[in-house]
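>>> Mind looking at a prediction? Sequence and model below.
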Amino acid sequence: MTGGAARLLRGPEEQRATFLDLFFDLVFVFALFRLSQGLRDHLNWSGALQTLVLLLALWWVWTQSAAVADRFDPWQPAIRRLAIGAMFGSLVLAAAAPEAFGGHGLVFAGVYVAVQVGRSLFLVIFTWGDERQRPEVRVLFWFGVSAVPWIAGAVVRGWPRGVLWALAVAVDYAVPGLGWPTPRLGRAGAAEFAVSGEFLAERLRQFFIVALGELILVTGLGLSSGGFEADRGAAVVVAFATTVLLWWIYIHRAGEVLGGAVAAARDPLRVAVSAIYAHLVMVAGIVAISVGVEVVIAHPFGHTPPAWVAVILGGPALFLTGRAIFEYAVFGRVSRDRMAGVLVLAAVSPAMIFLPPVLVAAAAALVLAGIAVSDAARARGRPPEPPSPPG
């Protein structure tokens, strides 16, 4: 191993998140807030799909930045500068996101490509002549491939931009599952992208807390933007209770033992990827819940359009779906109450248009509360269940 690359690598005793990782996460409170604002302003199928594409892009920036922090020592000045550069790029992405499918398309796509390709190019140069260069070359190659539809989409408007950007994120997300196949290198072995289970678990927990922080921000802004009337107060209580329930359901067992599940798995990378994608689904649910919280606090006893029902109930349903995927990755099974909660939310949704928004939100909170109570009752008097990942 070359001296420069060796100095940049993390040692096995250093696989914990650092203050730099937490500092990097701060920008994603703003990013998730901007996504929820964009969805609120375009609350239809087109807006939902556009928000999904933007969320996928931002999540991939965070994921790849976390992967670099897992492989390389964040206290090395070069790696620290790389992380801060990615953080600034993420801030620009978040600022451009609400109008990314409008006048800020080239800014969003250009910054995304600059962050992903620039980071990878830097690491390829810094690991030159070292065995650690192989995975960095793979990542650089595929970010170069996805850069084509990103930039092409930025110079067109309307539905072609959506199609090209959807293709770009499809490339970004499909390649890891295919083993990063690269000309002259073939597919990557599991050892090339080895992950630290404890580091991954800690980073995902931290990002989930960041997502809940965005929900608290929306709740607080909604309360402070108007008066402290009883109806708005009731909406805020429901929103805060929902946030607490999301935290409890997330952390109960699976959120605590992910690191052990990765370490115990026959294929640790597969468990890690499943957990990452599960968190993406949960975060998407929280973005939708944030939109629901905003409209509920603003109009607690007004009319409830179908689009509002979709975010008020669909957000918790998305969260529970992601939580079920996460539970399967850790324990190799899914608790029945998770999917029962999704089914109940779907079943009651047609009738919810006849209720005021605050009661619709209260119904969603009651479903989450039932799941939390079921979790607590199932765990009472039993020893903690050890992780048992599938396969």
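Looks like it arrived, so ask away.

>>> going forward, measure contacts and count neighbours with C-alpha atoms only.
Noted.

>>> Show me which positions of the helix or strand harbouring Gly220 end up buried.
Using DSSP states H and E, Gly220 sits in helix 197-224. Within helix 197-224, the residues that count as buried by 16 or more other C-alpha atoms under 10 Å are 197-208, 210-220, 222-223.

>>> before we move on, what about stretch 155-166?
Buried residues in stretch 155-166 (16+ other C-alpha under 10 Å): Arg161, Gly162, Leu164, Trp165, Ala166.

>>> Low-confidence ranges, the chain, go.
Residue ranges of the chain with pLDDT under 70: 1-15, 391.

>>> and the longest helix for it?
helix 268-298 (DSSP state H).

>>> So which elements touch the helix or strand that that one is followed by?
Using DSSP H and E, the helix or strand that follows helix 268-298 in sequence is helix 306-331. Judged by 3 or more C-alpha pairs under 8 Å, 6 or more residues apart in numbering; DSSP states H and E, the packing partners of helix 306-331 are helix 254-264, helix 268-298, helix 336-348, helix 357-379.

>>> I'd like to know which of the ones you listed lies nearest to Ala241.
helix 357-379 (7.2 Å; C-alpha to C-alpha).

>>> Put the alpha carbons of the closest one into CSV.
Provided in CSV are the C-alpha atoms of helix 357-379 (Å, rounded to 0.1, in the frame of the first residue of the first chain):
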residue,chain,number,x,y,z
PRO,A,357,-57.6,17.1,8.7
VAL,A,358,-56.7,17.0,12.5
LEU,A,359,-58.9,13.9,12.9
VAL,A,360,-57.3,12.2,9.9
ALA,A,361,-53.9,12.9,11.5
ALA,A,362,-55.2,11.6,14.8
ALA,A,363,-56.4,8.4,13.1
ALA,A,364,-52.9,7.9,11.7
ALA,A,365,-51.3,8.5,15.1
LEU,A,366,-53.7,6.0,16.7
VAL,A,367,-52.5,3.3,14.2
LEU,A,368,-48.9,4.1,15.1
ALA,A,369,-49.7,4.0,18.8
GLY,A,370,-51.3,0.6,18.4
ILE,A,371,-48.1,-0.7,16.8
ALA,A,372,-45.9,0.8,19.5
VAL,A,373,-48.1,-0.8,22.2
SER,A,374,-48.0,-4.1,20.4
ASP,A,375,-44.2,-3.9,20.3
ALA,A,376,-43.9,-3.2,24.0
ALA,A,377,-46.3,-6.0,24.9
ARG,A,378,-44.5,-8.5,22.7
ALA,A,379,-41.1,-7.6,24.3
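
>>> returning to that earlier point: pipe the helices and strands packed on helix 306-331 into TSV and attach mean neighbour count per row.
Shown next, in TSV, are the helices and strands packed on helix 306-331 (neighbours: other C-alpha atoms under 10 Å):
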stretch	mean neighbour count
helix 254-264	21
helix 268-298	24
helix 336-348	16
helix 357-379	20
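
>>> Out of the ones you listed, the one nearest Val53 is which?
Taking C-alpha to C-alpha, helix 268-298 is the member of those nearest to Val53, at 10.9 Å.

>>> Contacts for the one helix or strand Gly144 maps to next, please.
Element membership for Gly144, per DSSP H and E: helix 133-154. With C-alpha atoms under 8 Å, 6 or more residues apart in numbering as the test, helix 133-154 has contacts from 105-106, 109-110, 113, 116-117, 120-121, 123-124, 127, 160-165, 167-169, 171-172, 175, 180-182, 185, 188, 192-193.

>>> What subset of those residues is buried?
105-106, 109-110, 113, 116-117, 120-121, 123-124, 127, 161-162, 164-165, 167-169, 171-172, 175, 180-182, 188, 193.

>>> quick one: the helix or strand where Val68 lies to chain centroid distance?
Assigned by DSSP H and E, Val68 belongs to helix 45-71. Distance of helix 45-71 from its chain centroid, counting by C-alpha atoms, centre = their mean, to the nearest Å, is 7 Å.

>>> relative to helix 45-71, how tilted is the helix or strand just after it?
Going down the chain from helix 45-71, the next helix or strand is helix 77-96, by DSSP H and E. Relative orientation of helix 77-96 versus helix 45-71 (axes from the mean of the first three to the mean of the last three C-alpha atoms, to 10 degrees): 170 degrees.

>>> Could you list the buried residues of helix 77-96?
Neighbour-count burial for helix 77-96 [16+ other C-alpha under 10 Å]: 79-80, 82-83, 85-87, 89-96.

>>> what does it rub up against?
With C-alpha under 8 Å, 6+ apart as the criterion, helix 77-96 contacts 8, 20, 24, 27-28, 30-32, 34-35, 58, 61, 65, 72-74, 104-105, 107-108, 111-112, 115, 119.

>>> ok, the closest residue in space to Gly292 that isn't next to it in sequence - contacts?
Distances taken as C-alpha to C-alpha, 6 or more residues apart in numbering place Ile312 nearest to Gly292, at 4.6 Å, with adjacent residues excluded. Ile312 makes contacts with Ala288, Ile289, Val291, Gly292, Val293, Val360, Ala361, Ala364, as judged by C-alpha under 8 Å, 6+ apart.

>>> my guess is Leu56 contacts Ala168, does it?
No. Counting by C-alpha atoms under 8 Å, Leu56 stays clear of Ala168, with 10.2 Å between them.
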